[in-house]
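Quick one, fold the following:
(chains A and B)
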Protein chains: 2
Amino acid sequence: MTTSQRSDPDTVQSAVDGREPFHFHVLATDHATKARLGLIQTPHGPVETPVFMPVGTRGTVKGVTPEMVRDTGARIILGNTYHLYLRPGHELIGRLGGLHRFMNWPGPILTDSGGFQIYSLGKLRKLTEEGYAFQSHIDGSSHVMTPERCINVQEALGSDIMMCLDECTSYPGDRSTIESSLDLTLRWARLCASVHRSHDRALFGISQGGVYPDLRKRGIEALGEIGFDGYALGGLSVGEPKELLYDTVSHAAPLLPPDKPRYLMGVGTPEDILECVAQGIDMFDCVMPTRNARNGMLFTNRGKLVIKNARYRDDGNPLDDQCGCYTCRNYSRAYLRHLFIAREILAIVLNTIHNITFYMNLMNGIREAVRGGYFDSFRKTFLESYRANNEEDAE
Amino acid sequence: MTTSQRSDPDTVQSAVDGREPFHFHVLATDHATKARLGLIQTPHGPVETPVFMPVGTRGTVKGVTPEMVRDTGARIILGNTYHLYLRPGHELIGRLGGLHRFMNWPGPILTDSGGFQIYSLGKLRKLTEEGYAFQSHIDGSSHVMTPERCINVQEALGSDIMMCLDECTSYPGDRSTIESSLDLTLRWARLCASVHRSHDRALFGISQGGVYPDLRKRGIEALGEIGFDGYALGGLSVGEPKELLYDTVSHAAPLLPPDKPRYLMGVGTPEDILECVAQGIDMFDCVMPTRNARNGMLFTNRGKLVIKNARYRDDGNPLDDQCGCYTCRNYSRAYLRHLFIAREILAIVLNTIHNITFYMNLMNGIREAVRGGYFDSFRKTFLESYRANNEEDAE
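Take a look at the predicted model:
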């Protein structure tokens, strides 16, 4: 975002409202790794980075109230454009005052472009230069999503950080497919930037190019020429081996403009986050903490815990004795096991609170470590404890 | 409860802990009806009557945290002995400090006897003088529930108000069946009273006798001779016509000892509660507010509202403009409709908060009206508004 854009009418209006337009500052950089500490300002408040964004697909982080989300330490959540566009509809949400008001979340919201969901959930009928023609996974109705419309939808939702429409490719993809997909995504990125009106809100470009270093490099340079408020690495965490994910991030992250936030989409596990923070990534999102919570897989400082296991039947201890979340302060493993086995709704509520808090505590620990100059040792100590007693491996 | 029982070891212990033993006082009686205002003291705090108890079947009021329950105004909840006995087991709950601690509900808890659930959910194998032999509805395992064991189980749970094991009969039942069932229930009531040890906690007798006035009368007199801390009308709200429910309550309630709480089990609708408070009933419980919440049937001062109806699609108003609950303060009907149609878990959370709050506001209104001497006009005004726009009738 250039300084001249601050005279945009929307930005003026937000200044009148006392809202700050989107901007970003790097506050500190780690000496031993590429990790960095930053601050994103949005019209709905500040966000410290590195940050993890809980996923609120359909206007709710599944199973918890906004106050519960806030109490975990979360300051920004992700909303899914595809889901909200189809139901209840961006126009309805816009008429009712925007997504923040609709779902009672006063903090910042990032919306994805919906491209990934059209690809993975919808019945894709046709991909053309103009966009996606697809059928709703809910009722089979026909829709067209163009880059321009994608931005219109996100602006109607009132998103603080919007994402460009991109073409998603699966792993593995042959080089020529990945390359033509990259070129289409770049042409769409230009269209998205050209229709972006609410300049107090951010628009992020998405880097594609699969696991091909030269394609990643070309894509990132082209996005930088267009000029975005932040840059995402897309098309990762789609089934490639961990080493390829880490290699690609390690290669691509330093190419991203250093004065803008860097967002690794759809990542990931605590290990992934620690590794990728070390490569200079600032923003993450993943369904893992919330989805695992619903499946009874709980994160602790000693690794994952499978709450249905018989060993917790009589266990009066909290899930994680290093966690101060509402769930750990008030409930035993025995109770959480009982709720899960009885399929009680409260199991989802309590598990979700805990898992999001675990991620927020991890991110807070990361930020403190970068600030204090001990991120590298924090990462090693954390992973040692985390891997010590991980039940995931025992399943 | 006699004064001499206050020297019981459990009572002494509770006095040491600063807990008050169970007792009850009638504070005011309505002049135009038989409605009364009362105060129950329990080891876990006071409860004003008339009171409605949300149902927390398996150690949780479905879908909400204890703090959410408390915030609705609820001060006492009901736990189901049958469910907790089978899973996770009363002994486990006892070892972990009792039901209050297990489920993080610091207020009073009433537990039912489980008789009704054995009858309706379990596979009843044999009913004898000794008790029920039945199979678990969960795993088919064999169990025997005797009157003595029923009290042991409730004492292990740490219940503030326990219920005697009774034999449940269905409606309609022929007179001889109802009569022999009444006699068995009375013999069981004597056994329950004889093993009741925790005298700071209450034990309530249950009146049976179906819709036969003379059987009800005989049963109530016999229970009074045994002497209980409170008296329930059981075997009602099991399919009989409304008039028979009201007639039976109208006849039986005045026969119950006036200095003890009167509890009408499993009732009911707002109309039922208003009618039966007018007959002198002090305590109610029903799954209606919580179950209806899960089904999207919401109580408002203008009648029931079916949230999935298309008319609420764009409705930015709160559910009930006379309600100050968390849901009504923060969310629109359009959002609640969206959550319900998308089958989001938060729909259950928000709907449950609202419906319990509606019941609590009703009970608070009733108590204020009895206190202020205008209960009869309160009842009429409430029902007029409530019936004005009831969507239930339109379904």
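
give the contact list for the closest residue to A:Ser237 other than its chain neighbours.
In this structure, A:Ser237 finds its nearest non-sequential neighbour in A:Gly266, 4.3 Å apart by Cβ to Cβ, 6 or more residues apart in numbering or on different chains. All C-beta spots, glycine's among them, are computed from the backbone N, C-alpha and C. With contacts defined as Cβ atoms under 8 Å, 6 or more residues apart in numbering or on different chains, A:Gly266 is in contact with A:116, A:236-238, A:285-286.

Up against chain B, what does chain A have?
A:58-60, A:62-65, A:87-88, A:92, A:95-97, A:102-104, A:313-314, A:316, A:326, A:330-332, A:334-335, A:337-339, A:341-342, A:344-346, A:348-350 (Cβ under 8 Å from any Cβ of the partner chain).

on that earlier part again, now the residue nearest to A:Ser237: how far from chain B?
Using Cβ to the nearest Cβ, to the nearest Å, A:Gly266 is found at 21 Å from chain B.

ok so that residue is a strand residue?
No - A:Gly266: not assigned to a strand; according to DSSP: H, G, I helix; E, B strand; the rest coil it is coil.

Tell me the most packed of the contacts of A:Gly266, by neighbour count.
Per-residue neighbour counts (other Cβ atoms under 10 Å in any protein chain shown) across the contacts of A:Gly266 peak at A:Leu236, which has 26 neighbours.

Show the model's pLDDT score for the closest residue to it other than its chain neighbours.
Spatial nearest neighbour of A:Leu236, excluding adjacent residues (Cβ to Cβ, 6+ apart): A:Leu245 at 5.5 Å. For A:Leu245, the model assigns a pLDDT of 95.

Count the residues that sit near A:Leu245.
Around A:Leu245 there are 23 other residues, counting by other Cβ under 10 Å.

How about A:Ala310?
By other Cβ under 10 Å, 7 other residues sit near A:Ala310.

do you know how far it is from A:Ala202?
With distances taken as Cβ to Cβ, to the nearest Å, A:Ala310 is found 49 Å from A:Ala202.

now do A:Asp285
Distance of A:Asp285 to A:Ala202, computed by Cβ to Cβ: 15 Å.

can you check A:Tyr246 too?
Separation of A:Tyr246 from A:Ala202 (Cβ to Cβ): 27 Å.

out of these two, which sits in the busier spot?
A:Ala202 (28 against 18).

before we move on, the earlier item: narrow the residues of chain A next to chain B to just the buried residues.
Applying a neighbour-count criterion of 16 or more other Cβ atoms under 10 Å in any protein chain shown, the buried members of these are A:58-60, A:62-65, A:87-88, A:92, A:96, A:102-104, A:314, A:326, A:330-332, A:334-335, A:337-339, A:341-342, A:344-346, A:348-350.

Just the ones of the residues you listed in strands?
Of these, none are assigned to strands by DSSP state E.

can I assume A:Gly115 is in contact with A:Leu184?
No - with contact defined as Cβ atoms under 8 Å, A:Gly115 does not count as touching A:Leu184 (10.9 Å).

from the contacts of A:Gly266, which two are the most distant?
Distances among the contacts of A:Gly266 were taken as Cβ to Cβ; the most separated pair is A:Val238 and A:Asp285, at 14.3 Å.

Residues in contact with stretch A:126-137: which ones?
Applying Cβ under 8 Å, 6+ apart, the contact partners of stretch A:126-137 are A:86, A:115, A:118, A:121-125, A:141-147, A:149-150, A:165, A:167, A:184, A:187-188.

switch to 6 Å and redo it
Residues from elsewhere that reach stretch A:126-137, judged by Cβ atoms under 6 Å, 6 or more residues apart in numbering or on different chains: A:86, A:118, A:121-125, A:142-146.

For chain B, state which of the residues you listed is nearest.
Of all the contacts of stretch A:126-137, chain B sits closest to A:Leu86, with 10.1 Å by Cβ to the nearest Cβ.

what does the model give the closest one for pLDDT?
Reported pLDDT for A:Leu86: 95.

How about the contacts made by the residue of the stretch 101-250 of chain A found nearest chain B?
Among the residues of the stretch 101-250 of chain A, A:Asn104 lies closest to chain B, at 4.6 Å counting by Cβ to the nearest Cβ. Each residue near A:Asn104 by Cβ under 6 Å, 6+ apart is listed here: A:66, B:330.

Now do the strands in the stretch 251-395 of chain A.
Ranges of strands in the stretch 251-395 of chain A, per DSSP state E, counting those that start in this stretch, are A:262-264, A:283-285, A:297-300, A:303-306.

and the spatially closest residue to A:Trp105 that is not a sequence neighbour, how many neighbours?
Nearest non-adjacent residue to A:Trp105, counting by Cβ to Cβ, 6+ apart: A:Pro66, 4.6 Å away. Neighbours of A:Pro66 under the rule other Cβ under 10 Å: 21.
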